[in-house]
Each structure stands twice: as structure tokens, then as C-alpha cells.
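coordinates only, no sequence provided:
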């Protein structure tokens, strides 16, 4: 008979309890170490959780916005016919061009009109250019180009010119069609009686945005309290306008900054002047580039009456020099008071001069208003912005108009540029190498590159400022004066910097 051996009761349970308690002590100790002691750096993953990361992205889709032609408010169309404001025979045309590594380009009305796709008429010529035109009526136009490669020499430009020989818009109006931006600034002429200025905004996005307007006038350097509020709402895919003359009346000049809250908007300003029942001119104003100590404004002519509009954040001293093919001749010194918009009468442009150079001891913004008078008691004016040098750029001249190019070498050494012309279908019309001496200005007609040239691309031009002065034969043949100018667009990679970082306001 076997004898049964019995194990002491509870020995396994005690062992398991001891092991569990020991494990808990180890976990508690490890947690305490993590809480109270810093781990060696080699044991910690590197992180930028407390810093901001910056990414640069390239823009492959470029869109420009050409406004509808100028029109009168309904309130201006009432009353006796002989005293009623009239748009007369106002007509308008836009010319678009894309160059370089462009996959597609399309002109589209911002309404119910038919879109037009551009094509390269000669893919084997190595120029890669697409050019097209469109009549402009009561609808704005968009010009969209898609790049397959982001590089210097690739991009697009668009311009619009309108003209009339009758009505309240007699003369010529022109602009380079702007891109959309979150913020834009303008220097504008007087808001006194007879002058009407409207800030026009086009919103291409699918969401509404509010545009906040701030104005600094000529009376003081302080920001003005606006008479009609300081904000306008722009519907998605729509447009809106803001009456600047009513907001800031009785100023000799105004500096306007418009900031969008939700989406980039395309901004421009329409300006018209009347004296009683007589037209005194009209034009578009486009956004300023960054303030600078050295500005060059090409495209002036002898007999132009010039008003300089300028502003600086600080007190500044200016030196003004007229330029021509012989270089700089004559200079004038002026002062700016911090914050105040100055309107300085420079008289007539000296004979033969084609550009104005402004140097300052502080960064400034400046434009000029040029004015001409006809023998028919009619005047016209144009707003000319400073240019910005770029290695590659292009300008277009709309149909039924003529352009004359002014090229200024802003450097202290001789430089050469390459000019290539294209007709309204994008076919190459000619090529020319131009040598420019230091600080000298030269003029050329697009037709110098070949007959029917409506678009010009300039390369190797990192020191050259240029634009196109516009004329319309119909206006000249009617015995009227017509002044307008179109700026080129830089054909350079467009990049945006995106900042990403922690936000303490966002809870996990």
C-alpha cells in the first residue's frame, strides 16, 4: 500500500504573489525614473515638436485676372440726356501669352462665355510660346497656365487695354492683369471733387472672403478713419468694389492697403476724372512691389506732365534723375515725411527723357501720374509703376493698339539682353540682341522684331527695367490724347513658403 505525499498548501500562490509584487515595484521604479530623471540623449528620438518647420513649394498653376471694361454706375446714367454721363464708344481687348515649360493655357470669362484653349503654332521652333487675344466686355477674364516644369523662362503674362473717342472715358486705359494675392498696396492720386476711384476685387475661390482696407492720406502720416467703413465682402467666384474717393475725400494722394481674410483676391483700382462735363482722363492702377531705395519708372515722354506720388514709413530724402540714351541728366532733391502720402509736381518731362530714377536714403514706394492735353479741351492720364528687374520676362500688346518698349539698364556696367517677338497666334516673328550702357534708357517698337509682333519676351535681363507705352490710332486720329502703359511679368519660378509648427491652442 503506497503512501500519498501532500504538498504544503498555498506555496504556489505565495510565489505568484511575490513575483507580481516585485514586477509592480520595477514598473513603479521605471515610471519614477522617467518622471524625475532626464534620459541620455542617445536614448531619445530627436523631434522638432517645439520648433517650426518651413517648406518651400513651387506654383505650377498661374492665373491672371483681367477686369471687365470700365463702366458707369447706374446713378450716373439718369437725368437729362445732354448732361448724362456716357460710356460712349468704349472698347477693350486683352492679349495673353505663356512661355517656356507650359503644358496648357486657357482664357475663360468669369461668367457664361466660352473658354478658349491656346496652342503652340510651331512646336518645333524651340520657343514654346502660346499667345491669344480676347475682346473684353462686361465680364472679367481669367488666364490660366499649367506648368509641367518650374524654371526660369516659364510662365505667363496678360494685359488689357481699353479706349474711347466719345463719352466720359475718352482716351486710353491699360494694365497688366494681376494675379490673386492675400495683400496688395496702391499709391493713388487725388480724391478731391471730380475724381472717382474704386478698388475692385475678384475672388476666384470657392469661399467668401472679407477685404479690409486701410488708407494713409496726404494730410497726415496717421491711418485715416474711413467715411464708409473699412471692409467689403467678396462672394465666392464673384467681385466687389469699394469707393475709395468717398472713404478718404479731399486728399492730394492716398496710400491704400487691402488685406483679404480667407482667400487670395485679384485687386486693381479704376480711376476717372471729370471737370464739369468734360473728361479729364481715366486709367487702372495696379499693386505696388516692395518698397526700395532705388526705383526706376520707364515709359515717360517729353511734354508729359508728371506728378510724383510717394510714401515712406520713415522720413526720407529723395534724389530724382531723368534718364535717356545718354544716361542720367539733371537731378532734383525732395523730402518725404514719415507715413504721409506726398504728391509732388515735377512739371514736364525734359525733351528726350524716357525714364525717371528715384534714389532714397530709406525704402520708399512711388508711382508717377503722367498727363497730356489735346486741343479739344480733353485730357488723359496714366499711372506708371516702377519696374522690377528679372532674368526673364514678357509683355503683351493687345490688338488694335501699338506699344513702344522702354528698356533701362539700372546697373553700373554694360549689359546685353535678348528680345524675342511673337504674333497673336504665338508664332515667332523675330529675335534681337540689344546692348545697354550703364544707367541708360533705350526705346524699341515691337515691330522692330518683326511685323505683327504682339508679345515680347526678354531674357538675360537681370539688371534691366522695362515696360510698354501704349497708343491707339483711333484715339490719335480723332485728335484726342490717350495715355497708357503695360508692365511686363517676370517669368521666374513662383514659390510659397509654408510654416508648420505646434499650436498650444489645439488640444489633442
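Thanks, I have the structure now. Small disclaimer: the values here were computed from a predicted structure and weren't measured. Numbers count the residues shown, from 1 in each chain.

residue 94 is in what secondary structure piece?
Taking DSSP states H and E as the criterion, residue 94 maps to strand 91-99.

can you name the element that comes right after that strand?
The helix or strand immediately downstream of strand 91-99 is strand 102-109, counting by DSSP H and E.

in stretch 317-329, what counts as buried?
Using 16 or more other CB atoms under 10 Å as the test for burial, stretch 317-329 gives 318, 320-324, 328. In this view, the C-beta of every residue, glycine as well, is placed from N, C-alpha and C.

over to stretch 249-256?
Those would be 251-256, for stretch 249-256 by 16+ other CB under 10 Å.

cool, and stretch 265-277?
Within stretch 265-277, the residues scored as buried using 16+ other CB under 10 Å are 265-274.

before we move on, what about stretch 212-226?
Here stretch 212-226 shows 213, 215-218, 221, 224, 226 as buried, counting by 16+ other CB under 10 Å.

rewinding a little: okay, among the buried residues of stretch 265-277, which ones form the most distant pair?
265 and 274 (28.5 Å; CB to CB).

how far out from the middle of the chain is stretch 243-262?
In terms of CA atoms, centre = their mean, to the nearest Å, the gap separating the centre of stretch 243-262 from the centre of its chain is 17 Å.

then stretch 446-463?
Relative to its parent chain, stretch 446-463 has a centroid offset of 21 Å by CA atoms, centre = their mean.

now do the same end-to-end measure for it.
End-to-end distance of stretch 446-463 (CA to CA, to the nearest Å): 20 Å.

model confidence over it, on average?
Here stretch 446-463 scores 94 as its mean pLDDT.

start the count at 800, not 1, going forward
From this message on, residue numbering opens at 800, which makes the last subject stretch 1245-1262.

which parts of that stretch are buried?
Buried residues in stretch 1245-1262, defined by neighbour count with 16+ other CB under 10 Å: 1245, 1247-1249, 1252-1258, 1260, 1262.

among those, which are in strands?
Judged by DSSP state E, these include 1254-1258 as members of strands.

residue 947: which of those residues is nearest?
Nearest member of these to residue 947, counting by CB to CB, is residue 1256, at 18.3 Å.

residue contacts, that closest one?
Listed by CB atoms under 8 Å, 6 or more residues apart in numbering, the contact partners of residue 1256 are 898, 928, 1191-1193, 1218-1219, 1221, 1290.

does residue 924 touch residue 1230 like I think?
No - Residue 924 is beyond contact range of residue 1230, at 10.8 Å (criterion: CB atoms under 8 Å).

next, count neighbours for residue 1243.
Neighbour count of residue 1243, defined by other CB atoms under 10 Å: 18.

that one and residue 1231, how far apart?
To residue 1231, residue 1243 is 8 Å away according to CB to CB, to the nearest Å.

what do those two both touch?
Shared contacts of residue 1243 and residue 1231, defined by CB under 8 Å, 6+ apart, are found at residue 1218.

circling back to that earlier point, for the buried residues of stretch 1048-1055, give me JSON lines that also has distance to residue 1177 and pLDDT.
Below are the buried residues of stretch 1048-1055 laid out as JSON lines (distance: CB to CB, whole Å; pLDDT from 0 to 100):
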{"residue": "1050", "distance to residue 1177": "25", "pLDDT": "97"}
{"residue": "1051", "distance to residue 1177": "23", "pLDDT": "97"}
{"residue": "1052", "distance to residue 1177": "23", "pLDDT": "98"}
{"residue": "1053", "distance to residue 1177": "25", "pLDDT": "98"}
{"residue": "1054", "distance to residue 1177": "29", "pLDDT": "98"}
{"residue": "1055", "distance to residue 1177": "28", "pLDDT": "98"}
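
now, those residues that are in helices?
Judged by DSSP state H, the subset of the buried residues of stretch 1048-1055 located in helices is empty.

which ones among the residues you listed lie within strands?
Counting by DSSP E, the buried residues of stretch 1048-1055 place 1053-1055 in strands.

which among those residues gets closest to residue 1132?
Scanning those for proximity to residue 1132, where the rule is CB to CB, the winner is residue 1054, at 21.8 Å.

in what helix or strand does residue 926 lie?
Following DSSP H and E, there is no helix or strand that holds residue 926.

now do the strands in the stretch 1150-1299 of the chain.
Secondary structure of the stretch 1150-1299 of the chain by DSSP state E, counting those that start in this stretch: the strands cover 1154-1172, 1178-1183, 1191-1195, 1201-1208, 1214-1221, 1227-1235, 1240-1243, 1254-1258, 1263-1270, 1283-1285, 1288-1289, 1294-1299.

quick one: which of these is nearest residue 963?
Closest approach to residue 963 among the strands of the stretch 1150-1299 of the chain (CB to CB): strand 1178-1183, 10.2 Å.
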